[in-house]
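Engineer: quick one: sequence plus predicted model below, questions after.
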Amino acid sequence: MKKVMLLHTVKSVYDTFGPALSKVLGPDVIIDNILDTFLADDPARHGGVFSTANRLRLVHDLESAQLAEPDVIVVTCSSLSPYLPTLRQYFKTPIIAIDDAMCNAALDKGCRVAVLATAASALEPALWKLSLFAQEREAKVSLQSFCNPDAIAALKAGDRATHDRLLLEMAAKVDKKCNAIVLAQASMADMREEVEKLTGVSTFASPELCQTEVKRFLDRI
């Protein structure tokens, strides 16, 4: 049987991503999980700084994931994305980042993109990846960004209503000339349709697009 190992940093994503992926892949694929909330919480407590010690922790988590001998490792936290291009070369197991497919889909709509985040540690990685992918396309990207950490604080406290309200307040500020809106974190995905309805701008969230990417990968091997 094929096997997927998921590395999470947020409990809500841990609870939802695996079951949703299982529906996409079917019962013949084994899905296992690692949850390390420190990888996201520590940068959030220190102004978005991802320390050297935290990078080593990420390496150890990836090593642990590889020991399970999966066909692919999926990192479901976009805050970790900037570190994966360098780390991939040290692992025999392919590593998929949750936001790769999302950023490509957004740029397919055009190069004026707005990024919404509720964690400072997720905003810069999203802007970085969009800029990188645009550069690979030899395109000039124009980025607009908004971040409200109070939203994710509310979500972690169990107050989803406040989280959703604050997210929509950010969305209302988006320039309507944008070609696409990117929701920087998987924990925001449930609001994709609401944001798109409010703004009239094509809006992209990472989980569903990543799950499709994982299926395509497994179908090829």
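Structural biologist: Perfect, I can see it now. Numbering: from 1, shown residues only.
Engineer: and the residue nearest the centre of the protein?
Structural biologist: In the chain, the centroid-proximal residue (Cα atoms, centre = their mean) is Ser78; its distance is 3.6 Å.
Engineer: for that residue, what are its contacts?
Structural biologist: If a contact means Cβ atoms under 8 Å, 6 or more residues apart in numbering, then Ser78 has Ala97, Ile98, Asp99, Ala122, Pro125, Ala126, Lys129, Ala184, Gln185, Ala186, Ser206 as its contacts. From N, CA and C alone the C-beta is placed, and that goes for glycine too.
Engineer: swap in Lys23?
Structural biologist: With the criterion set at Cβ under 8 Å, 6+ apart, Lys23 makes contact with nothing.
Engineer: that one and Ile31, how far apart?
Structural biologist: Distance of Lys23 to Ile31, computed by Cβ to Cβ, to the nearest Å: 11 Å.
Engineer: same check on Ser131?
Structural biologist: The gap separating Ser131 from Ile31 is 32 Å, by Cβ to Cβ.
Engineer: could you pull up the residues touching Met188?
Structural biologist: Going by Cβ under 8 Å, 6+ apart, Met188 touches Leu116, Thr118, Leu167, Ala205.
Engineer: redo that, cut-off 7 Å
Structural biologist: With contact set as Cβ atoms under 7 Å, 6 or more residues apart in numbering, Met188 has these partners: Thr118, Leu167, Ala205.
Engineer: please name every helix or strand in contact with the least confident helix or strand in the chain by mean pLDDT.
Structural biologist: None of the helices or strands of the chain scores lower by mean pLDDT, DSSP states H and E than helix 38-45, at a mean of 83. Using 3 or more Cβ pairs under 7 Å, 6 or more residues apart in numbering; DSSP states H and E as the contact criterion, the secondary-structure elements in contact with helix 38-45 are helix 52-67, helix 120-136.
Engineer: quick one: the longest one to helix 38-45, angle?
Structural biologist: For helix 120-136 against helix 38-45, the angle between stretch directions is 100 degrees (axes from the mean of the first three to the mean of the last three Cα atoms, to 10 degrees).
Engineer: all helices for the protein, in order.
Structural biologist: Assigned by DSSP state H, the chain shows helices spanning 11-25, 38-45, 52-67, 84-87, 100-109, 120-136, 149-156, 160-171, 192-199, 206-220.
Engineer: which residues touch Gly47?
Structural biologist: For Gly47, the contacting residues are Ala120, by Cβ under 7 Å, 6+ apart.
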